[in-house]
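Participant: Here's a sequence, model it:
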Amino acid sequence: MIAAGAAGAAVAAVAASRLAVSRGFARAWHKVGGFAAESAAESLPVAPGHQQPQPPEHKSEEHQPWPAESAPPALACRFCGAGLPRPFLDLGMSPLANSYVRPADLGRMEPFYPLQLYVCPECRLVQLDEFESPERIFTDYAYFSSYSESWLRHAREYAEAMIARVGLGPHSRVVEVASNDGYLLKNFRDRGIPVLGVEPARNVATAARAAGIPTIDKFFGVATARELLAAGHAADLLLGNNVLAHVPDLNDFVGGLRILLRPTGLLTMEFPHLLRLIEQRQFDTVYHEHFSYFSLLAVERVFAGHGLTLWDVDELPTHGGSLRVYVRHADAPGGAEVTERVHALRAREVAAGLDRTESYDAFAGRVVETKMALLEFLIRARREGKVVVGYGAPAKGNTLLNFCGIRTDLLPFTVDRSPHKHGTYLPGTHIPVFPPERIFEVRPDYVLVLPWNLQEEIVTQMAAVREWGGQFVVPIPVLTVV
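Facilitator: Sure, this is the predicted structure:
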């Protein structure tokens with residue numbers, strides 16, 4: 001843990017110990033938080049009439065992040081092991097974005113860590129260094145998917161599309177990795193399709209089981225995939241929404257996906273698109289639990305390194321612009337051909353410079369412009385006697401507020417629909433979180449929309465703010481008053 005005043009010494013210490021971190025982090029993570037830990041769900045349920053299958057053979061050479069006889073560099077790419085140069089974006093020191101502070105802990109020291117983005121010169125994977133274990137970040141998690149109406153609608157539409165596309169029925173099996181509170185799987189369950197969720201956050205997995213969604217609380221990787229396969233849970237449809245970025249041991253995670261996917265199965269993964277992050281200045285989506293940031297160029301290489309073929313892609317509006325990729329075994333019988341959509345998006349990314357390291361350097365300057373615009377607005381509003389409050393307590397908002405140095409003198413409180421956050425304080429800034437009704441009591445002049453990706457939903461829900469002349473402020477990509 002690092003105090004903000006000791007940033008330089010802390011970074012030097014981290015760099016010096018990177019060999020142990022790069023090679024040993026994931027193995028330690030498995031032991032403390034995942035594969036060696038007892039699940040609250042106890043042993044895995046065995047499917048009726050199941051015979052123990054073997055994982056599909058991976059005919060290509062095993063991926064080696066770096067030669068066994070040589071030590072990795074101080075900072076190594078988590079996929080290919082290449083050395084990482086200087087960061088192209090430095091957001092300073094920041095706390096864990098989902099570590100909301102309880103009132104009893106306000107007087108205690110709060111850990112801050114460097115928040116810096118690197119791009120691999122070989123595979124083009126954009127990534128953060130690792131400062132905290134997934135067990136520390138995810139075991140007790142503050143994010144519950146069921147509190148966003150637009151996200152629930154997105155989940156329903158996905159389920160309907162996949163049932164039709166894959167031909168799913170009562171003899172199929174759908175497995176979701178990082179299944180949260182079961183918000184998505186219930187759409188398959190309600191159609192009589194067997195489902196299983198894998199969710200490492202114990203409090204969230206408990207909520208899913210209470211809602212009738214079979215869920216095990218374990219971190220996912222090769223070991224967990226083998227356990228599930230042995231218990232008869234090979235997946236006809238294997239999916240993960242907004243989880244790929246959360247994985248420090250990327251090769252172990254994707255290796256597990258390959259094992260659990262049936263030979264003719266379909267794997268879909270959704271994640272924020274790096275191209276949109278850069279084009280729309282979405283730097284606030286950078287936080288410590290997001291270890292990686294994916295372009296199509298990079299994620300194709302990751303899957304190919306594990307005998308999987310990315311053959312189709314959808315561009316989605318969610319989270320400010322996301323990709324949904326469709327993946328199959330490279331040696332799947334009668335495997336689908338790579339679509340024109342994949343070729344076209346790959347070409348767009350190359351044209352945007354995502355295959356060139358120097359293209360990333362200009363991003364930092366645009367981030368500073370966004371920071372200055374927000375601070376200038378808040379300071380001017382304060383001088384004019386206007387009241388500005390926040391809406392939402394998302395992780396992205398915590399990156400934004402900490403990077404800009406915003407505290408309660410400029411933003412006295414924020415509100416959120418999730419009761420799990422009520423009565424807490426935002427990490428780092430210690431801005432209090434209240435239920436949405438607080439806005440109608442205070443009647444502020446401006447409402448700063450922190451989850452800007454849900455702007456339309458929030459403005460509609462809070463339309464009564466306009467009755468007293470209140471306005472909404474959206475900070476990303478360019479500050480806008482609506």
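
Participant: can you give me the offset of stretch 288-296 from its chain's centre?
Facilitator: Distance of stretch 288-296 from the chain centroid (CA atoms, centre = their mean, to the nearest Å) equals 7 Å.

Participant: same check, this time on stretch 170-190
Facilitator: Centroid displacement of stretch 170-190 relative to its chain, using CA atoms, centre = their mean, is 19 Å.

Participant: What of stretch 378-387?
Facilitator: Its chain's C-alpha centre lies 34 Å from the corresponding centre of stretch 378-387 when counted by CA atoms, centre = their mean.

Participant: ends of that stretch, how far apart?
Facilitator: 9 Å (CA to CA, to the nearest Å).

Participant: Could you report the separation of H319 from M372?
Facilitator: 25 Å (CB to CB, to the nearest Å). No exception for glycine: its C-beta is placed from N, CA and C like everyone else's.

Participant: So the two - more neighbours on which side?
Facilitator: A count of neighbours by other CB atoms under 10 Å puts H319 above the other of H319 and M372, at 22 against 12.

Participant: Under the pLDDT cut-off, which ranges of the protein? List them.
Facilitator: By pLDDT under 70, the weakly predicted segments of the chain are 1-74, 132-148.

Participant: so how far is the helix or strand T264 falls within off the chain centroid?
Facilitator: In this structure, T264 is located in strand 261-272 according to DSSP states H and E. Centre-to-centre, strand 261-272 and its host chain are 17 Å apart (CA atoms, centre = their mean).

Participant: For it, name the packing helices and strands.
Facilitator: Applying 3 or more CB pairs under 8 Å, 6 or more residues apart in numbering; DSSP states H and E, we find strand 261-272 packed against helix 149-166, strand 235-241, strand 308-316, strand 322-329.

Participant: Strand partners (parallel or antiparallel) of that strand?
Facilitator: Each strand that strand 261-272 pairs with, and the sense of that pairing, follows from DSSP bridges: strand 235-241 (parallel), strand 322-329 (antiparallel).

Participant: Moving along the chain from it, name the first helix or strand you hit.
Facilitator: Using DSSP H and E, the helix or strand that follows strand 261-272 towards the C-terminus is helix 274-279.

Participant: quick one: contacts of whichever helix or strand comes after that following helix?
Facilitator: The first helix or strand that comes after helix 274-279 along the chain, using DSSP H and E, is strand 292-293. The contact list for strand 292-293, computed with CB atoms under 8 Å, 6 or more residues apart in numbering, reads 78, 117, 125-128, 244-245, 247, 250, 272, 274, 277, 285-286.

Participant: top of those by neighbour count?
Facilitator: L274 (28 neighbours).

Participant: you'd agree that one is up against S295?
Facilitator: Yes: contact between L274 and S295 holds when scored by CB atoms under 8 Å: they sit 4.3 Å apart.

Participant: Start and end of stretch 217-236, how far apart?
Facilitator: Distance between the two ends of stretch 217-236: 21 Å, counting by CA to CA.

Participant: Ignore what I typed, I meant stretch 206-219.
Facilitator: Criterion CA to CA; first-to-last residue distance in stretch 206-219 is 15 Å.

Participant: quick one: buried residues of the longest helix seen in the chain?
Facilitator: The residue-count maximum for a helix in the chain (DSSP state H) belongs to helix 363-383. Going by neighbour count (16 or more other CB atoms under 10 Å), the buried part of helix 363-383 is F363, R366, V367, T370, K371, L374, F377, L378, A381.

Participant: May I see the strands paired with strand 261-272 organised as CSV, with distance to E349 and mean neighbour count added?
Facilitator: Written out in CSV, the entries for those read as follows (distance: least, CB to CB, whole Å; neighbours: other CB atoms under 10 Å):
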stretch, distance to E349, mean neighbour count
strand 235-241, 22, 24
strand 322-329, 11, 21
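
Participant: Now those in JSON lines, please, with extra columns for distance to P444.
Facilitator: Formatted as JSON lines, the strands paired with strand 261-272 follow (distance: least, CB to CB, whole Å):
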{"stretch": "strand 235-241", "distance to P444": "34"}
{"stretch": "strand 322-329", "distance to P444": "31"}
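
Participant: tell me the contacts of W452?
Facilitator: When contacts are counted by CB under 8 Å, 6+ apart, W452 is found next to G320, K396, V474, P475, I476.

Participant: taking those one by one, which sit in strands?
Facilitator: Of the contacts of W452, the ones assigned to strands by DSSP state E are V474.

Participant: Pick the one among the contacts of W452 closest to D236.
Facilitator: G320 (30.9 Å; CB to CB).

Participant: give the contact list for the closest residue to that closest one other than its chain neighbours.
Facilitator: Distance criterion CB to CB, 6 or more residues apart in numbering; nearest residue to G320, sequence neighbours excluded, is N453 at 4.7 Å. Residues counted as contacts of N453 (CB under 8 Å, 6+ apart) are T318, H319, G320.

Participant: Include distance to A463 when you put the residues you listed into CSV, please.
Facilitator: Compiled in CSV, the contacts of N453 are given as follows (distance: CB to CB, whole Å):
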residue, distance to A463
T318, 23
H319, 23
G320, 22
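
Participant: and which of those residues is nearest V449?
Facilitator: G320 (12.5 Å).

Participant: Could you tell me how many residues sit around that closest one?
Facilitator: Here the number of neighbours of G320 (other CB under 10 Å) works out to 23.

Participant: circling back to that earlier point, of all the helices and strands packed on strand 261-272, which one is nearest L448?
Facilitator: Across these, the minimum distance to L448, taken as CB to CB, is reached by helix 149-166, at 19.3 Å.

Participant: Packing partners of the helix or strand just after the closest one?
Facilitator: Secondary structure here is assigned by DSSP H and E; on that basis, the next helix or strand after helix 149-166 toward the C-terminus is strand 174-177. Using 3+ CB pairs under 8 Å, 6+ apart as the contact criterion, the elements in contact with strand 174-177 are helix 185-189, strand 195-198, strand 235-241.

Participant: Adding distance to L448, write those out as TSV.
Facilitator: Formatted as TSV, the helices and strands packed on strand 174-177 follow (distance: least, CB to CB, whole Å):
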stretch	distance to L448
helix 185-189	33
strand 195-198	34
strand 235-241	27
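
Participant: Out of those, flag the one nearest V313.
Facilitator: Checking these against V313 by CB to CB gives strand 235-241 as the closest, at 14.6 Å.

Participant: quick one: contacts of that closest one?
Facilitator: Under CB under 8 Å, 6+ apart, the answer for strand 235-241 is 162, 166, 168, 172-178, 184, 257, 260-262, 264-270.

Participant: And it, how far out from the chain middle?
Facilitator: Centroid separation between strand 235-241 and its chain, computed with CA atoms, centre = their mean, is 17 Å.

Participant: so it versus helix 149-166, what angle?
Facilitator: Calculated by axes from the mean of the first three to the mean of the last three CA atoms, to 10 degrees, strand 235-241 forms an angle of 150 degrees with helix 149-166.

Participant: and the closest residue to R341 other than its chain neighbours, what does it touch?
Facilitator: Of all residues not flanking R341 in the chain, V313 sits nearest, at 5.3 Å (CB to CB, 6+ apart). Taking CB under 8 Å, 6+ apart as the definition of contact, the neighbours of V313 are L296, L323, R324, V325, Y326, T339, R341, V342, L345.

Participant: if I read this right, T480 contacts V459, doesn't it?
Facilitator: No: counting by CB under 8 Å, T480 sits too far from V459 to count as a contact (11.7 Å).

Participant: Distance-wise, check the residue nearest to I476 when sequence neighbours are not counted relative to V198.
Facilitator: Spatial nearest neighbour of I476, excluding adjacent residues (CB to CB, 6+ apart): W452 at 4.8 Å. From W452 over to V198 the distance is 30 Å, taken as CB to CB.
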